[in-house]
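Colleague: Fold the stuff below for me.
(4 chains)
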2 protein chains.
Amino acid sequence: MHKQSVTAEDVARRAGVSRAVVSRALSNNGSISPATRERVLQVAKELGYQVNFLAQGLNRRRSHLIGVIVSRIDDPFRSSLLDGLLGEIQRNGFQALVTEIRSEQELAETLRHFTQFRVSGVIVTSGKPPEALVSECVQQQIPVVGINRQPDIPGVDYVCSDNAAGAILAAEQLVKTGCRRFGWINNHHSTWAGRIRGEAFRLALSERGVDVDNNLAALLSSAEGYEGGLQTAAGLEVIPQGIFCANAQLACGFLDGMRQRGKDAPQDFQLIGFDNTPQTAQYSYRLTTLNQDVAEISRLALMHLLERARTPLQPSRTSWVKVDLIHRQTSFSLT
Amino acid sequence: MHKQSVTAEDVARRAGVSRAVVSRALSNNGSISPATRERVLQVAKELGYQVNFLAQGLNRRRSHLIGVIVSRIDDPFRSSLLDGLLGEIQRNGFQALVTEIRSEQELAETLRHFTQFRVSGVIVTSGKPPEALVSECVQQQIPVVGINRQPDIPGVDYVCSDNAAGAILAAEQLVKTGCRRFGWINNHHSTWAGRIRGEAFRLALSERGVDVDNNLAALLSSAEGYEGGLQTAAGLEVIPQGIFCANAQLACGFLDGMRQRGKDAPQDFQLIGFDNTPQTAQYSYRLTTLNQDVAEISRLALMHLLERARTPLQPSRTSWVKVDLIHRQTSFSLT
DNA sequence: TTGAAAGCGGTACCAA
DNA sequence: TTGGTACCGCTTTCAA
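Modeller: Sure, this is the predicted structure:
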């Protein structure tokens, strides 16, 4: 025979009260005299009573779970974002239900699973959820927040790095240090954030007098991440003087690809990446890059979740998180 | 008024059967005529019925959740392990409850939370759970598996990379290529896996005729990861010819630290790391390293979980996963 | 094969 | 302040 777990019933009996009282004692919800409260708590501790979250959730129609949708967490930026989110989720007393998706199809399934667990909220860091499903969440009062997604679904809140501002900083840096011919590196299948960065870069250059039609080369790679950057470098014919990269992985790959060709930054070209992953700071790269404030992004994500849980009908909000240029060795100093 | 979610009751009514039948139809558990089964399924689909996992779990005293304990997932090896685990967990129809811990204290709390959710299993990739708590899991028939932990808790299954074999491969490589003076780099507060690697390295060297007391330097850094390696390199007085590193982050940091001093592998020293993280493969590092088979580790972890769920009383098992030497540029070729 | 009913372990309302 | 009780939504005997 194996020990069953202790239930509220057990505690109630031992403390000489009803189950209801036990519930109140533990949730300080509903009135109870300090004395009994104390006694119940004491007994609960003695017996090692632990609330059954399944039962509790069933009742309250809400578990203390927060669903997080991620993808490709072997990408350092993604894993640091997940890191930040897990921290915030736990700090706020929730548990994270993490699902890694490989397709939009899986995203839909995942969202279903989340609702089946009556999660207290959903955080989407990858993919674009079908509106129909999201509106189911909204109907069920489940807050949804997207991170670095295009803020276009009603009822969903968003937290985005200020990609455009970052691109402007990059453009400014490169123009001011005398570049005339520019390059923009991105994946062929770009995320929304990537596209914004590219468009803003182009606009910022043009506003600074660059003839972008002739002097800005868009280098789109079919491969992802490091490999994509590597291939881009290998296939490059004329080397632009100032290059802006949609993300850190591409940037590191590109830099390595150029090094294989005997070229290096900043002497042969300037290179600015995005994301400021730990790797970009390392001695072998020391890449100038735009830092995404992961801690702040995570904090805001949880804040939106909690606020919307309180007032489900409020209009959608988007928080923009400041991005900073971290100056390292792949670009020239301005001074 | 907001739409309540569809329940089994609704499906039952619409299909003209009882709730019990609906349950059977969906769980193909208990007898039911193919005809009704079909009809119920049809209705369920029409209504968009989704099982409430909380209620289901409450009843079966088991949710379809698997708790995963991790730490520092910004370490590339850790995040790729998590990646592998998430994949396996999802493939097997479970959902992952992921908690990142920062102390043994948090580990204990986390384990509690897991049991409160009646998880179907627990995977520990970091820290050492208190035996008392683990035995509670065992009592409640919750399978626990440790990954790369010292296999010493009764009732727990383990999956470990064959660290000793890896260390032997490293020793062999270095000895055969003519090294006479060796170095072993690790953190001061090492994991169990790290210690094993170090001990096995020492033993393997000594078995190959190396006077380890005089010709093997243990370089223990207080800092973790890349930074630790960097500092080790900075403080190094005599440079050993053959260096073995407890993990990839240390190795990359060390290599960079040496480069800052104008030294590089393999001309000034040979360097072999552990983990084969993506970064070690990159052009700027091309580190010889021991590969941990993350996919296999993850597969075995789930296998143990499932097997023990079936036969909870079976004796503890430990699976050892083969480790391979990936030969790159920081060591000499053997041929 | 099917339905009725007793839980699973809490929560919260209502009366006392 | 307390206890009784009706659920929450599903599973699983037990009879029919």
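Colleague: Tell me where the stretch 101-250 of chain A has strands.
Modeller: Ranges of strands within the stretch 101-250 of chain A are A:121-124, A:144-147, A:157-161, A:182-187, A:216-221, A:242-245, based on DSSP state E, counting those that start in this stretch.
Colleague: Most tightly packed of those?
Modeller: Greatest average neighbour count among the strands of the stretch 101-250 of chain A goes to strand A:242-245 (a mean of 31), per mean count of other C-beta atoms under 10 Å in any protein chain shown. Where you see a C-beta, it was placed from the backbone N, CA and C, and this is true even at glycine.
Colleague: Residues contacting that strand, please?
Modeller: Contacts to strand A:242-245, defined as C-beta atoms under 8 Å, 6 or more residues apart in numbering or on different chains, come from residues A:167, A:170-171, A:174-175, A:177, A:179, A:181-186, A:197, A:201, A:229, A:251, A:254, A:269-274.
Colleague: With mean pLDDT and distance to A:R259 added, can I get the strands of the stretch 101-250 of chain A in a markdown table?
Modeller: Shown next, in a markdown table, are the strands of the stretch 101-250 of chain A (pLDDT from 0 to 100; distance: least, C-beta to C-beta, whole Å):
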| stretch | mean pLDDT | distance to A:R259 |
| --- | --- | --- |
| strand A:121-124 | 98 | 37 |
| strand A:144-147 | 98 | 33 |
| strand A:157-161 | 98 | 28 |
| strand A:182-187 | 98 | 15 |
| strand A:216-221 | 98 | 17 |
| strand A:242-245 | 98 | 14 |
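Colleague: Among those strands, single out whichever gets nearest to B:S284.
Modeller: With C-beta to C-beta, the closest approach to B:S284 among those belongs to strand A:242-245: 15.8 Å.
Colleague: Would you list the strands that the closest one pairs with, along with their directions?
Modeller: Strand partners for strand A:242-245, identified by DSSP bridges, are recorded as strand A:182-187 (parallel), strand A:270-275 (parallel).
Colleague: Dump those strands to TSV, plus distance to A:R91.
Modeller: Below are the strands paired with strand A:242-245 laid out as TSV (distance: least, C-beta to C-beta, whole Å):
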stretch	distance to A:R91
strand A:182-187	34
strand A:270-275	24
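Colleague: DNA strand C: which of the ones you listed is closest?
Modeller: strand A:270-275 (41.8 Å; C-beta to the nearest atom of the strand).
Colleague: and the closest one, what's its mean pLDDT?
Modeller: Across strand A:270-275, pLDDT averages out at 98.
Colleague: can whichever helix or strand comes after it be found next to chain B?
Modeller: As assigned by DSSP states H and E, the chain's next helix or strand after strand A:270-275 is helix A:278-281. Yes. Helix A:278-281 comes into contact with chain B (C-beta under 8 Å from any C-beta of the partner chain), by way of A:P278, A:Q279.
Colleague: Leaving out sequence neighbours, find the closest residue to the residue of the stretch 51-200 of chain A found nearest chain B.
Modeller: Per C-beta to the nearest C-beta, A:S79 is where the stretch 51-200 of chain A lies closest to chain B, at 3.9 Å. Leaving out its chain neighbours, the residue that sits closest to A:S79 by C-beta to C-beta, 6 or more residues apart in numbering or on different chains is B:S79, at 3.9 Å.
Colleague: do the helix or strand of chain A with the lowest mean pLDDT and DNA strand D meet at all?
Modeller: Lowest by mean pLDDT, DSSP states H and E among the helices and strands of chain A is helix A:131-139, with a mean of 92. No. Helix A:131-139 lies apart from DNA strand D when judged by C-beta under 7 Å from any atom of the strand; the minimum separation is 13.3 Å.
Colleague: Could you list every helix and strand that that helix packs against?
Modeller: Judged by 3 or more C-beta pairs under 8 Å, 6 or more residues apart in numbering or on different chains; DSSP states H and E, helix A:131-139 is in contact with helix A:104-116, strand A:144-147.
Colleague: nearest to A:V134, of these?
Modeller: Using C-beta to C-beta, the nearest of those to A:V134 is strand A:144-147, at 5.8 Å.
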